[in-house]
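**Q** Sequence and computational prediction follow.
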Amino acid sequence: MMGFVSVGFSTPLVTPRRALSASFGEYRPGHLHAGIDFATFFKTGIPVRAVAAGHVYRIRSSTTGYGNVVYIRHGDGRRSVYAHLSGFSTRLEKLLPRRPHNLGGDAAGEAMEVYPTHPGVRVDEKEVIGRTGESGAGLPHFHFEFRDSEDRPVNAVKAGVLSMDDVIPPFLSSIIIEPADENSMVMGGGAPVILDTTIKNPVIQALGSLRILVKGHDEDGQLGGLLGLSGAKLFIDGRLWSEISMTDFTYGRDKEVGLVYDLFRTGFGPTTYTYDLTGPDGAGEVIRGRGIIRMDSPALRMRVEITDLAGNRSTFSWRFTRYAPTRSAARLEMTGDGEFISRGGLVLKRGSRTMRITAAGSGNDGAERWRVTQVGREKIVSISDEARITEPPAGSRLYALVGGSLPRHPASVGPAILLGPYGLPLQARSAIILDNDGSANGIAWWKNGSWSWLGGSKTPGGITALMPFLAPIMPVRDTAPPIVRLDSSSASFTLSIMDDFSG
């Protein structure tokens, strides 16, 4: 990403060094990103200008969300939004009932909002309407949003409001192939297989139903940051199977982020983006496709194509062949024992080899059992009854396996419970209830490659925490106090509070 120029509109931000820090449709916890973020390089106070003439129809000042934000309606009905400001122009500020704070809200932190009488307060193109800041959510940056006449967020680049000066293609770091159920396999096992995109046209053996995940990003050459992709396509035997297009969506549908991204492998700090090219058709209004792939042909030719904001492309191809199980393929070395859960169900790990685990019915005590059958050996593993999920997805089969191959957290007071299928999106009100003997005061969950704190509340005999998606959990006892630092090296004082888990 080499910067940006305006097309038919003025740029909202004029700086000597131009760079983006986030693109349209990126993953955010619980929703898709509805705008494009401009980097301000940790500075505030940069003038923000109206991209076109129009009328200010809404002004809001809050300590959360968009912070100090201005909404403008243009002559053709489309709208532009300018968020996270440190303040407003003098004539806009006078419309608020009280003076806004540079971090949002009034001096007491109370939110304020006004809707100037229709058609609103007129502003001219390039007129300064405020200055950049860090109000609301996030560090100093400028969030620019463009919406259609029905108030739907649209990609400002694809809408012709901004044009990218960029010739560098996006980076496709890996393709992840994963069994979609416990009856499917990839390379003879039930675990996901990651394709190295530096190897040309690999051949992958598969059987049953498959998920195809794409891990990739775009790089901003001036900032060094990672941006999300603007599009991704999956072709099978030369025909388009599915497509993700970050063009526009409706508020409310942006909450379907867990159907667009693989939440178990996607994070926001550190930033990683893993897209599900086998997600349901219509998800988030950005996916068009046929969903899960069924390996019912002797061979399939596969190709993935990803695009960035400027339309630059990167591609990768491979071949599927149908896996034919053999007696020798089931012989596993009994070293490095471990069990884990994937989208394909329960999986047994023996060293570098993996195998599916299938249902074996209930034991005499009523607990559910699972059987692993190998050549001359059999292993029975138990399902945990220590963890319960409220509001599980309709028709979903949930697994909760005690133990497994994940490392323990230093603050753990019990074994990991491998809750899955991992990454399965849950409803906003879904909660995990973990039995507790009193030694734990919280829950850690495994996401994006590490344990992190999952906020919750203690109840008699248990701990309850909200979960946006299924992931392994572990009871923990956090006794270390947070670290408090006061930075007075600049003109203003900064107080930071860091905790082992929550940050």
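**A** All right, it came through fine.

**Q** quick one: Gly456 and Pro482, what's the gap?
**A** Summarising the geometry, the distance separating Gly456 from Pro482, computed by Cβ to Cβ, to the nearest Å, is 17 Å. Where you see a C-beta, it was placed from the backbone N, CA and C, and this is true even at glycine.

**Q** quick one, helices of the chain?
**A** For the chain, applying DSSP state H gives helices covering 90-93, 257-260.

**Q** out of those, which comes closest to Ala444?
**A** In this view, the helices of the chain are compared for proximity to Ala444 by Cβ to Cβ, and helix 257-260 is the closest at 20.4 Å.

**Q** rewinding a little: could you dump the helices of the chain to CSV with mean pLDDT?
**A** Formatted as CSV, the entries for the helices of the chain read as follows, by pLDDT from 0 to 100:
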stretch, mean pLDDT
helix 90-93, 96
helix 257-260, 93
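
**Q** now those helices in TSV, with mean neighbour count?
**A** As requested, the helices of the chain are arranged in TSV below (neighbours: other Cβ atoms under 10 Å):
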stretch	mean neighbour count
helix 90-93	14
helix 257-260	23
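
**Q** Can you tell me which of these is nearest to Tyr82?
**A** Closest approach to Tyr82 among these is made by helix 90-93 (10.6 Å; Cβ to Cβ).

**Q** which strand of the chain spans the most residues?
**A** In the chain, with assignment by DSSP state E, the single longest strand is strand 203-219.

**Q** circling back to that earlier point, Gly456 and Pro482 - which one has more neighbours?
**A** Gly456 (20 against 13; other Cβ atoms under 10 Å).

**Q** How about the more buried one: what's its closest non-neighbour residue?
**A** The shortest distance from Gly456 to any non-neighbouring residue, by Cβ to Cβ, 6 or more residues apart in numbering, is to Ala465 (2.9 Å).

**Q** re the thing from before, tabulate the helices of the chain in a markdown table, adding columns for distance to Met302.
**A** As requested, the helices of the chain are exported to a markdown table (distance: least, Cβ to Cβ, whole Å):
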| stretch | distance to Met302 |
| --- | --- |
| helix 90-93 | 53 |
| helix 257-260 | 20 |
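
**Q** re the thing from before, so the residue nearest to Gly456 touches Ser452, yeah?
**A** No: the criterion here is Cβ atoms under 8 Å, and Ala465 misses it with Ser452 at 11.9 Å.

**Q** quick one: buried residues of the longest strand of the chain?
**A** By neighbour count with 16 or more other Cβ atoms under 10 Å, strand 203-219 contains the buried residues 204-219.

**Q** So Gly279 versus Ile212, what's the distance?
**A** The span separating Gly279 from Ile212 equals 10 Å under the rule Cβ to Cβ.

**Q** contacting residues for the residue nearest to Gly456?
**A** Remark: with contacts taken as Cβ atoms under 8 Å, 6 or more residues apart in numbering, Ala465 is in contact with 431-432, 434, 442-443, 454-457.

**Q** Find me the pLDDT at Gly30, would you?
**A** In the prediction, the pLDDT value recorded for Gly30 is 87.

**Q** That one and Trp453, how far apart?
**A** From Gly30 across to Trp453, the span is 17 Å (Cβ to Cβ).

**Q** So the two - more neighbours on which side?
**A** Counted by other Cβ under 10 Å, Gly30 and Trp453 do not tie: Trp453 has more neighbours, with 19 against 11.

**Q** Next up, phi/psi of the nearest residue to Asn312 once chain neighbours are set aside, please.
**A** Taking Cβ to Cβ, 6+ apart, and ignoring the residues beside it in sequence, Asn312 has Pro169 as its nearest neighbour in space, at 4.3 Å. Note on Pro169: its backbone torsions stand at phi -70, psi 160 [degrees, to the nearest 10].

**Q** what about Pro169, how many neighbours?
**A** 17.

**Q** Can you name the residues that contact it?
**A** Contact analysis of Pro169 by Cβ under 8 Å, 6+ apart lists 308, 312-314.

**Q** which of those are buried?
**A** With neighbours counted by 16+ other Cβ under 10 Å, the contacts of Pro169 contain buried members at 308, 312, 314.

**Q** how close does Thr321 sit to Glu285?
**A** When Cβ to Cβ is applied, the distance between Thr321 and Glu285 equals 35 Å.

**Q** hang on, the earlier thing: can you give me the pLDDT of the residue nearest to Gly456?
**A** 91.

**Q** cool, Pro153 as well?
**A** Pro153 is assigned a predicted lDDT (pLDDT) of 98.

**Q** what's the answer for Gly376, then?
**A** Turning to Gly376, the model gives it a pLDDT of 42.

**Q** do the same with Gly8
**A** With respect to pLDDT, Gly8 scores 61.

**Q** Kindly report the same for Val128.
**A** At Val128 the predicted local confidence, pLDDT, stands at 97.

**Q** Likewise for Ile383?
**A** We have a pLDDT of 69 for Ile383.

**Q** picking that back up, okay if I get the buried ones among the contacts of Pro169 as TSV plus distance to Val193 and pLDDT?
**A** As requested, the buried ones among the contacts of Pro169 are exported to TSV (distance: Cβ to Cβ, whole Å; pLDDT from 0 to 100):
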residue	distance to Val193	pLDDT
Asp308	26	94
Asn312	28	94
Ser314	20	97
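
**Q** quick one: which of those sit in strands?
**A** Ser314.

**Q** Which of the buried ones among the contacts of Pro169 sits closest to Val123?
**A** Scanning those for proximity to Val123, where the rule is Cβ to Cβ, the winner is Asp308, at 31.7 Å.

**Q** Return the member of the contacts of Pro169 nearest to Pro116.
**A** When the contacts of Pro169 are compared for distance to Pro116, the smallest value, 37.7 Å, is given by Asp308; criterion: Cβ to Cβ.

**Q** List the residues that contact that closest one.
**A** With Cβ under 8 Å, 6+ apart as the criterion, the residues that contact Asp308 are 1, 23, 164, 166, 169-170, 218, 227, 229-230.
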